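**Q** Everything below, folded, please.
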Amino acid sequence: MTAHVFDTMGTTVSIRVAGSPPAESVLRAAEETFARFDRRFSLYRADSELSRIARGELALPRSSSILRDTYAAALEWSNRTGGAFTPHRPDGVLDLSGIVKADAIEAAGRILDLAGVPAWVLNAGGDILVRGTIDDSSSRIGIVDPDDRESLLCTVQLAGTRRALATSGSAERGEHIWRAPAPRSADHGFRQVSVVADDIVTADVLATAILAGGPDRLNDVLDGFDVDALTVDDRGGITASPGFRAAAGLLLA
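**A** The predicted structure follows:
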């Protein structure tokens, strides 16, 4: 197994492959994919297209088709999650960070596939997409304990169509999710949410939606989407859907 590691989009990305590494040009193309998304969508870069929109220098209708298509996809996810996922900050600023990292992961994965890499694991700040199996342990992914980043809550197996895992919470980046007011029926919200899905965009968006929307939104997501979830609430309580329990094995039984 070989690995290629680089920093981009405010996080660390690793690409692990079975056997000999792919050509340097393939790895550089995957790396450049993340850089390209960052140059267009980062609100931390004054020269990005999205920052120009935020400053009022560029009207959204005059922005690139890629940005407008990404915004349309984010709005569709907002509709599908009852507004729990949103591309708008409370101050009205358009922020597409909740979807573009997953888009970048997906695009980089396509580069590896087109290059004929048979098995790989792509990890961008804990959001993970896999193809095939590198070794016995490569597709078992650890879920970090939000109270102790040196410890794991469990490991979960990514196999078959379940190729993607995304975790949303404050363990990696601090508090950065815009949360809806807690419903009257909820005693507490979530501190961390992990979602397993067939694709990384679905996993990432729905992990964010559940974290933002709380327990009521968790039920809606599990009823309405073909995903599994693990949650850690404000009191440290852990819940897992049946499919997540099965993927995690005896550690959550």
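**Q** Quick one: residues contacting residue 150.
**A** With contacts taken as Cβ atoms under 8 Å, 6 or more residues apart in numbering, residue 150 has no neighbouring residues. (C-beta placed from N, C-alpha, C; glycine too.)
**Q** And residue 5, by the same measure?
**A** Residue 5 touches 12-15, counting by Cβ under 8 Å, 6+ apart.
**Q** JSON lines for those, including pLDDT?
**A** Formatted as JSON lines, those follow (pLDDT from 0 to 100):
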{"residue": "12", "pLDDT": "96"}
{"residue": "13", "pLDDT": "97"}
{"residue": "14", "pLDDT": "96"}
{"residue": "15", "pLDDT": "96"}
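**Q** Make CSV out of these and add distance to residue 26, neighbour count and secondary structure.
**A** What follows is the contacts of residue 5, written out as CSV (distance: Cβ to Cβ, whole Å; neighbours: other Cβ atoms under 10 Å; DSSP: H, G, I helix; E, B strand; the rest coil):
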residue, distance to residue 26, neighbour count, secondary structure
12, 19, 14, strand
13, 14, 23, strand
14, 15, 14, strand
15, 9, 25, strand
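**Q** Closest to residue 98 out of these?
**A** residue 13 (17.7 Å; Cβ to Cβ).
**Q** neighbours of the closest residue to that closest one other than its chain neighbours, just the number please.
**A** Nearest residue to residue 13 in three dimensions, chain neighbours excluded: residue 124, at 4.6 Å (Cβ to Cβ, 6 or more residues apart in numbering). Applying other Cβ atoms under 10 Å, we find 23 residues neighbouring residue 124.
**Q** And residue 124, how far from residue 88?
**A** 24 Å (Cβ to Cβ, to the nearest Å).
**Q** Flag every buried residue along stretch 90-108.
**A** 94-106, 108 (16 or more other Cβ atoms under 10 Å).
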